[in-house]
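> quick one, fold the following:
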Amino acid sequence: MIPRLRPFFLTVVCCGMGAAAFAQGSTDQSAAERCESEVRQTIERMRGKQAQEIRFIGGKRAISPATDNQLGVQGEGRYRSPHGMVSFSYSCAVDPQTGAASGALFRETGGGAQMASVDPAWQPDLANFSPLPCEAATAALLTERHPRVGRITFDAGTRRLQPSAQNHTELQGRGAVQRAPGMNAEPFGFRCEFETGSGKVVKVSAD
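Next comes the predicted model:
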């Protein structure tokens, strides 16, 4: 009788493992959909009718454990604007128990998203320049101020470059921060100082 029970036992174990994998896959898919829904709403609120056909690239999506038993979701997408296709990256955290998304952040990385005005009397070296380190440092600063931050967005249309002391470059811009989930987003201004050659952020402030 014992030899006959062994195949049945193995089948039960395999089915259990398959169910666990399916459950994890379902959780990841739900987290991705919740995060991307928040990001879509943020883009539509920030860009209005300027953003059409918002799409997320499934192959660029990454989901990993984050702090406080949450799932971190990161990825890339694009939308169509009057100036052409705009690429963006995004990230947020999702509570797998409640489905609540927090810390939604998107950055326009290329295409129709254009750098805002530059002082015509001064032309910066843009070969190695990117606004992303500045905006990442600003997001970290705001998160430190508001540990329960819900959403941080940056308005690419407000970016402005200008010369700074010690031959550095300064980037100014504006965005909106939701200090905690459920609160209204509040506007803020930010300023970063870069080493012109390396692009390293040496000072950041937000108000």
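
> what about this structure, any weak spots by pLDDT?
Confidence mapping of the chain against pLDDT under 70 gives the ranges 1-26, 67-68, 111-129.

> try it again at 80.
1-27, 45-47, 66-69, 102-106, 110-130, 156-157, 165-167, 196-199 (pLDDT under 80).

> chain center to the top strand by length along it, what's the gap?
In the chain, taking DSSP state E as the definition, the longest strand is strand 151-163. Strand 151-163 sits 15 Å away from the centroid of its parent chain (CA atoms, centre = their mean, to the nearest Å).

> that strand - contacts with which helices or strands?
Under the contact criterion of 3 or more CB pairs under 8 Å, 6 or more residues apart in numbering; DSSP states H and E, strand 151-163 touches helix 2-47, strand 101-111, helix 132-145, strand 169-178. Where C-beta positions appear, they are placed from N, C-alpha and C, glycine not excepted.

> do that again at 10 Å, thanks
Packing partners of strand 151-163 (3 or more CB pairs under 10 Å, 6 or more residues apart in numbering; DSSP states H and E): helix 2-47, strand 84-94, strand 101-111, helix 132-145, strand 169-178, strand 186-194.

> now the angle between strand 84-94 and it, please.
If you take axes from the mean of the first three to the mean of the last three CA atoms, to 10 degrees, strand 151-163 sits at 130 degrees to strand 84-94.

> buried residues of strand 151-163, list them for me.
Judged by neighbour count using 16 or more other CB atoms under 10 Å, the buried positions of strand 151-163 are 151-154, 156-157, 159, 161.

> also stretch 140-148?
Using 16+ other CB under 10 Å as the burial criterion, the residues of stretch 140-148 that qualify are 142, 146.

> got the contact list for it?
Applying CB atoms under 10 Å, 6 or more residues apart in numbering, the contact partners of stretch 140-148 are 102-103, 105, 149, 152, 175, 177-183, 186, 188, 190, 204-206.
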